[in-house]
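Q: Show me how the following folds:
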Amino acid sequence: MNIIAEHTSYLGEFLPIAVYVVIVLLTGVTMLSLPAILGPKKKIAGKGLPYECGVPLLGETRQRFSIRFYLVAILFVLFDIETVFLIPWAITYQELLGSLGWVVVAEMLVFIGILFTGYVYAWRRGGLDWD
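A: Modelled structure (predicted):
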């Protein structure tokens, strides 16, 4: 009799997880099946065609972009990440300066120096030219 009580208490601990899994599965099945049941059945001729800003499509939908576009985009992301590191540092600058001294300033100058070196390298290689 003692063994049965141990198994029921053990299964009772996982009951909320089982209920959660059932609810998630039912929600997913409902969300996938209701549009098929309640949605429109009539196919509209121009519904699947490309459409942009109210103007009919003039050319191909797939256009080739210059590699410079992607290079400038990557450089933008790279130098945008710099602000992710600089803004929190600038906000906590007074607190950090009091406890660690000029080590904090030196570390940030090294960081900015590395980024500036990358900027100069990209500039000299023509990565920022849009010709």
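Q: out of everything not next to it in sequence, what's closest to Trp89?
A: Once its chain neighbours are removed from consideration, Trp89 has its nearest residue in Met108; the separation is 5.9 Å (CB to CB, 6 or more residues apart in numbering). (C-beta placed from N, C-alpha, C; glycine too.)
Q: Can you list the buried residues in the strand or helix carrying that neighbour?
A: Element membership for Met108, per DSSP states H and E: helix 103-124. Of the residues in helix 103-124, those scored as buried under the neighbour-count criterion (16 or more other CB atoms under 10 Å) are Val104, Met108, Leu115, Tyr119, Ala122.
Q: Which member of those is positioned nearest Gly46?
A: Distance to Gly46, by CB to CB, is smallest for Ala122 among the buried residues of helix 103-124, at 44.8 Å.
Q: Ile67 versus the residue nearest the centre of the chain, what's the distance?
A: What sits nearest the mean C-alpha location of the chain, by CA atoms, centre = their mean, is Val77, with 12.6 Å. With distances taken as CB to CB, to the nearest Å, Val77 is found 16 Å from Ile67.
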